[in-house]
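**Student:** turn this into a model:
(one chain, ligands or ions: 1)
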Amino acid sequence: MGIEEQLPSGIALTSVENVLGLARKHSQFPVTMGLACCAIEMMAAGTPRFDMARFGLEVFRASPRHSDLMIISGRVSQKMAPIVRNVYDSMPEPKWVISMGACASSGGMFNNYAIVQGADHIVPVDVYLPGCPPRPEALIHAILTLREQIGKEPLGANREKIARAAEKAALEATPTHQMKGLLA
Ligand code: SF4
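**Tutor:** Residues are numbered from 1 along each chain as shown. Here you go, the predicted structure:
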């Protein structure tokens, strides 16, 4: 049955949340946050071969104030960690984070004191992208996955509450260097 039959008055009523979710989901502006080799794959995603412009997000912004998406591409050193957090804090709400690659997500092969063992110890991560390095298609897939999440997210204070809860859980998690098992 078409929408016109369901709504004879011809007015499609929907919640403001759904409309804003649709707008947000299609309007990411990523901030430049290339930290290591994964960033080369991220740059490749913007080239004509992979063409992330098809999804309207090839314009990486050099200012966090213009951005709502941080793609952490590469390992995060202890020295870089406060800068990553500073850039994240400078981005306006609502904002999202993709952790690109094994190093950003878990420290990867760098299980040592110099590398943060997971970007979620610094900022709340929405999507983890595995691989070393993930291919540009995988990054595009991660962005599309994030978009699906964004479309269903609640607005305003709720969104901030979710981000703060994810952040608290990550900060309270056991760092990988203290975990026993394969790494110990
Ligand atoms: S995951 Fe692999 S490609 Fe990405 S930063 Fe780490 S070592 Fe480099």
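**Student:** now do the contacts for Arg61.
**Tutor:** By Cβ atoms under 8 Å, 6 or more residues apart in numbering, Arg61 lies in contact with Phe29, Pro30, Val31, Thr32, Ser67. All C-beta atoms are positioned from the backbone trio N, CA, C, and that covers glycine.
**Student:** quick check: phi and psi on it?
**Tutor:** Dihedral pair for Arg61: phi -100, psi 140, per degrees, to the nearest 10.
**Student:** residues contacting Val116?
**Tutor:** Val116 sits next to Arg75, Val76, Ser77, Gln78, Ala81, Gly107, Ile122 when contact means Cβ under 8 Å, 6+ apart.
**Student:** switch to 10 Å and redo it
**Tutor:** Residues near Val116 by Cβ atoms under 10 Å, 6 or more residues apart in numbering: 72, 75-81, 84, 103-104, 106-107, 110, 122, 175-176.
**Student:** and what of Ile143?
**Tutor:** Shown in contact with Ile143 (Cβ under 10 Å, 6+ apart): Gln28, Pro30, Ala45, Met52, Phe55, Leu57, Leu69, Ile71, Trp96, Ile98, Val127, Leu129.
**Student:** and the gap between the second one and Val97?
**Tutor:** The span separating Pro30 from Val97 equals 10 Å under the rule Cβ to Cβ, to the nearest Å.
**Student:** what about those two, which has more around it?
**Tutor:** Set Pro30 next to Val97 and count neighbours by other Cβ atoms under 10 Å: Val97 wins out with 26 against 23.
**Student:** check whether that one really touches Leu146, as I assumed.
**Tutor:** Yes. Here Val97 reaches Leu146: they are 9.0 Å apart, a contact under Cβ atoms under 10 Å.
**Student:** which neighbours do these two share?
**Tutor:** Leu69, Ile71, Asp126, Val127.
**Student:** what residues does the chain put near the ligand?
**Tutor:** Contacts of the chain with the ligand, taken as Cβ under 6 Å from any ligand atom, map to Ala36, Cys37, Cys38, Gly74, Arg75, Gly101, Ala102, Cys103, Gly108, Cys132, Pro133.
**Student:** ranking by neighbours, what's the top pick from those residues?
**Tutor:** The residue in these with the most neighbours, by other Cβ under 10 Å, is Gly101 (31 neighbours).
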